[in-house]
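Q: Got a predicted structure plus its sequence, pasted below:
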Amino acid sequence: MKITDVKVIVTCPGRNFVFVKVMTDEPGLYGVGEGTLNGSEPIVAEAIRHISPLILGRDPHQIEDIWHLLYRQGYWRGGPIFMAAIAAIDIALWDIKGKVANLPVYQLLGGKARDKVMCYSHASGRDEIECEDSARRIIERGFKAVRCQVGNYGGQGIIGVIPPLTPGTPSTAIYEPTPYINSAAKLFAHIRSTLGDDIELLHDAHEQLDPIASARMAKSLEPYRLFFLEDPLMPEHRESWSIVRQASVTPLAIGEIFTSRWDCLPLFMNKWIDYIRIKPIHGGGITEVKKILTLAEPFNVRSAMHGAADIGIIGQAASVAVQSVIPNFGIQEYTRHPEPAYEVTTGACELREGHLYPNERPGLGIDIDEEKAAKYPYQRAYMPLLRRADGTVHVY
Ligand SMILES: [Mg+2]
C-alpha cells in the first residue's frame with residue numbers, strides 16, 4: 001500500500017480547524033487527522049503542504065519510520081507549527097491502520113484500560129453566585145469535575161478593555177494580578193461550601209502570574225482541595241515551578257502549549273507537576289504523546305489532556321483513544337464544539353454523564369465532509385493580548 005496524496009482542509013464551522021485526509025492507492029481507503037493550532041491555522045496548513053511530498057509513495061503502515069522522517073527532515077526540528085503538522089499526518093496514519101485492521105485505534109494501542117474517560121467542563125460567571133449556578137448546571141448533566149472561573153479569560157484581574165487599532169484584530173484586556181488572586185480564593189471558598197466535598201474542582205490561571213504570586217495562589221487555594229491548579233506560571237519559567245511546588249500541596253497541571261518530550265521531561269524528573277496537558281494534535285500525534293505518557297508514568301504524573309473547543313473532533317478522538325489505554329490517565333477537558341463542526345466532522349466520540357467514550361468503529365471512527373467544510377471558509381483570527389493598568393504588555 002502507498003500514500004498517494006495529503007489533502008489539507010482549513011475550515012471555520014464556528015471556529016477555525018486544520019484537518020487532513022491522507023489518501024492511499026487502495027480505493028476508498030484514507031485516514032483523517034488534525035493539526036489545528038489556535039490563531040496560526042494557515043501556517044500549519046502550509047507546513048503540512050511543505051512536508052507532504054516526503055511521504056508520497058511510502059507505506060502508510062510504517063508510522064514510526066514516517067514520524068522520524070518528518071521530525072528529522074529539516075535541521076530545524078520541533079516547535080508548535082511543525083509538531084502540529086506532523087501530528088495531523090500521524091493521527092491519519094493511525095486511522096488508516098485501524099481501518100485496514102478493522103479495529104478501533106485504542107485496540108492498536110494496547111486495548112482499553114477503562115471503559116470511558118472522565119471529563120471536566122467549564123463553569124463561569126461574573127461573580128461566585130453566577131459561577132455556582134453554572135457549575136450546578138454542569139453537575140446536573142452528570143459531570144463529577146468542574147473548572148470554575150469568574151470573569152472571562154483573566155478572571156476578575158481584567159479591569160478594562162482597549163479596543164483594537166485595526167479592524168479584525170482582537171481587543172486588548174487590561175489585567176492586574178492582585179484582584180485576580182483575591183477573587184479566586186473568594187470564589188473557591190464559596191463554591192466548596194455550597195457544592196460540598198464530593199465534586200472535583202479545578203481552576204485555570206492561564207499563565208498570568210509570576211513565581212511568587214503563583215506560590216501564594218496555590219497556597220491560598222489549598223483549603224478547597226482542588227483536583228488541580230492549571231498553568232499558574234508560564235511554562236518558560238521551568239525551575240521556578242519548584243517554588244510553587246514547595247509552597248503547597250495543591251496539585252499542579254501544565255503543558256497545554258508543550259510540543260515535545262523535551263518540554264515535559266524536566267518537569268517529570270523534578271516532580272514539579274502532577275498532571276501533564278500535552279495531547280496528540282500539538283505533541284506530534286498519537287505516536288509521540290503515547291510515549292510521553294509512558295515517560296510520565298514512573299514520576300506519578302497523570303494525563304489531563306487539553307480539550308478546549310479549538311481542539312477539534314478528530315483531535316479529541318485521538319486524545320480519547322490514548323487516554324483509554326494508558327495506566328496513568330487523570331482527566332480530560334471537555335468543551336462542546338460549535339454545532340456546524342459536527343456536520344463537517346461526523347462521528348464524534350459520545351459524551352454521556354460527563355464521560356467521553358472511545359469510538360468502536362474502525363480507526364478513529366470519524367469522517368470529514370469536504371463539501372460541508374468548503375461551506376465554512378477560514379476566517380482570520382488571533383489570540384488575545386493582556387496589558388497592565390499602566391500600559392505595559394503583561395509578560396508573566
Ligand atoms: Mg488552560
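A: Perfect, thanks for sending it.
Q: what kind of secondary structure is Met118 in?
A: The local conformation at Met118, judged by DSSP: H, G, I helix; E, B strand; the rest coil, is strand.
Q: Got phi/psi on Ile276?
A: phi -110, psi 130 (degrees, to the nearest 10).
Q: Would you mind measuring from it to Gly31?
A: Using CB to CB, to the nearest Å, Ile276 is found at 26 Å from Gly31. C-beta here means a position set from N, CA and C on the backbone, and glycine is covered the same way.
Q: cool, Cys349 as well?
A: To Gly31, Cys349 is 17 Å away according to CB to CB.
Q: With Leu293 instead?
A: Remark: distance between Leu293 and Gly31 (CB to CB) = 22 Å.
Q: Doesn't Arg245 lie inside a helix?
A: Yes - using three-state DSSP, the assignment for Arg245 is a helix.
Q: For the helix or strand of the chain with the lowest mean pLDDT, list the C-alpha coordinates in PDB.
A: Ranking every helix and strand in the chain by mean pLDDT, DSSP states H and E puts strand 158-162 at the bottom, with a mean of 87. Output of strand 158-162 as PDB, limited to C-alpha atoms (Å, rounded to 0.1, in the frame of the first residue of the first chain):
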ATOM      1  CA  ILE A 158      -9.500  42.000  34.000                       C
ATOM      2  CA  ILE A 159     -10.200  45.600  34.900                       C
ATOM      3  CA  GLY A 160     -10.700  47.200  31.400                       C
ATOM      4  CA  VAL A 161     -10.500  46.700  27.700                       C
ATOM      5  CA  ILE A 162      -8.700  48.600  24.900                       C
END
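Q: for that strand, which positions count as buried?
A: Ile158 (16 or more other CB atoms under 10 Å).
Q: Which other helices and strands does it contact?
A: Here strand 158-162 touches strand 172-175, going by 3 or more CB pairs under 8 Å, 6 or more residues apart in numbering; DSSP states H and E.
Q: Sheet partners, orientation included, of the strand it packs on?
A: With DSSP bridges as the test, strand 172-175 is paired with strand 158-162 (antiparallel), strand 385-387 (parallel).
Q: For Asp210, which of those is the nearest?
A: Closest to Asp210 of these is strand 385-387 (CB to CB; 13.6 Å).
Q: Contacts for that closest one, please.
A: 154, 162, 170, 172-175, 208, 393-394 (CB atoms under 8 Å, 6 or more residues apart in numbering).
Q: Report the central residue of the chain.
A: By CA atoms, centre = their mean, the chain has its centre lying nearest to His306, at 2.5 Å.
Q: Does the spatially closest residue to that residue that is not a sequence neighbour lie in a helix or a strand, and which?
A: Nearest non-adjacent residue to His306, counting by CB to CB, 6 or more residues apart in numbering: Glu256, 3.7 Å away. Glu256 is part of no helix or strand when elements are defined by DSSP states H and E.
Q: how many other residues sit next to Glu256?
A: Here the count is done by other CB atoms under 10 Å, and Glu256 has 23 residues near it.
Q: give the contact list for it.
A: 230-231, 277-279, 282, 306, 308.
Q: What separation do you get for it and Asp204?
A: Between Glu256 and Asp204 the computed distance is 9 Å (CB to CB).
Q: same question, Pro358
A: Counting by CB to CB, the gap from Pro358 to Asp204 is 25 Å.
Q: Compare neighbour counts for the two and give me the winner.
A: Between Pro358 and Asp204, counted using other CB under 10 Å, Pro358 has the larger neighbour count: 25 against 22.
Q: from memory Leu226 sits against Ile199, does it?
A: No - at 11.3 Å, Leu226 does not count as touching Ile199 under the criterion of CB atoms under 8 Å.
Q: So which of those two has more stuff around it?
A: Counted by other CB under 10 Å, Leu226 and Ile199 do not tie: Leu226 has more neighbours, with 23 against 18.
Q: Using JSON lines, please lay out the contacts of Glu256 together with secondary structure and pLDDT.
A: Putting the contacts of Glu256 into JSON lines (DSSP: H, G, I helix; E, B strand; the rest coil; pLDDT from 0 to 100) gives the following:
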{"residue": "Glu230", "secondary structure": "strand", "pLDDT": "97"}
{"residue": "Asp231", "secondary structure": "coil", "pLDDT": "95"}
{"residue": "Arg277", "secondary structure": "coil", "pLDDT": "98"}
{"residue": "Ile278", "secondary structure": "coil", "pLDDT": "98"}
{"residue": "Lys279", "secondary structure": "coil", "pLDDT": "98"}
{"residue": "His282", "secondary structure": "coil", "pLDDT": "98"}
{"residue": "His306", "secondary structure": "coil", "pLDDT": "97"}
{"residue": "Ala308", "secondary structure": "coil", "pLDDT": "94"}
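Q: Quickly check these for the two that are furthest apart.
A: Pairwise over those, using CB to CB, the maximum falls at Glu230 and His282, 15.6 Å.
Q: Among the two, which residue is more densely surrounded?
A: Each of Glu230 and His282 has its neighbours counted (other CB under 10 Å); His282 has more, 28 against 24.
Q: so what pLDDT did Asn152 get?
A: Looking at Asn152, its pLDDT stands at 70.
Q: whoops, I mixed them up, Ile9
A: 98.
Q: which residues touch it?
A: Ile9 touches 18-21, 368, 370, 373, counting by CB under 8 Å, 6+ apart.
Q: just Met83 next, same as before
A: Met83 touches 259-260, 282-284, counting by CB under 8 Å, 6+ apart.
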